[in-house]
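A.B. asks: make a model of this:
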Amino acid sequence: GISLTSGVIAGVTAAIISHPADTLLSKINKAGEGGEGNMFVRMGRIASSIGIKNLCLVGLPARCVMIGGITAGQFGIFDSMLPALGVEKFHWHNPASHH
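C.D. replies: Model prediction:
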């Protein structure tokens, strides 16, 4: 329930934030992509040739499904392992009370 939903939300958020940079990284690692020059010059050329909108949106739905699913799975495994290992999930205590 909650852990899987939280995992999907966390994964989709991470996918949206990292997608443009990961797309640039994939492109710049291809030989000759972006022409000559240092990394920043090449990334600028790649970004301008692709366009900011396409850089941010092309392939994003598939990435959201993939990363959202993986992260939800990780959250689910973590949540299911806590009771199996005898670990309590929440250790909240009132900081005003003295132990």
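
A.B. asks: pull the contacting residues for the spatially most central residue of the chain.
C.D. replies: Here the mean C-alpha position of the chain is nearest to the C-alpha of residue 14 (Cα atoms, centre = their mean), at a distance of 2.8 Å. Contact analysis of residue 14 by Cβ atoms under 8 Å, 6 or more residues apart in numbering lists 67, 71. Every C-beta, even on glycine, is put in place using the N, C-alpha and C of the backbone.

A.B. asks: residue 8 versus that one, what's the distance?
C.D. replies: Per Cβ to Cβ, to the nearest Å, residue 14 is found 11 Å from residue 8.

A.B. asks: likewise residue 88?
C.D. replies: Residue 88 is 25 Å from residue 8, by Cβ to Cβ.

A.B. asks: compare neighbour counts for the two and give me the winner.
C.D. replies: residue 8 (19 against 7; other Cβ atoms under 10 Å).

A.B. asks: now do the contacts for the more buried one.
C.D. replies: Counting by Cβ under 8 Å, 6+ apart, residue 8 makes contact with 68, 69, 71, 72.

A.B. asks: of those, grab the buried ones for PyMOL.
C.D. replies: Applying 16 or more other Cβ atoms under 10 Å to the contacts of residue 8, the buried members can be selected in PyMOL as follows:
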select buried, resi 68+71+72
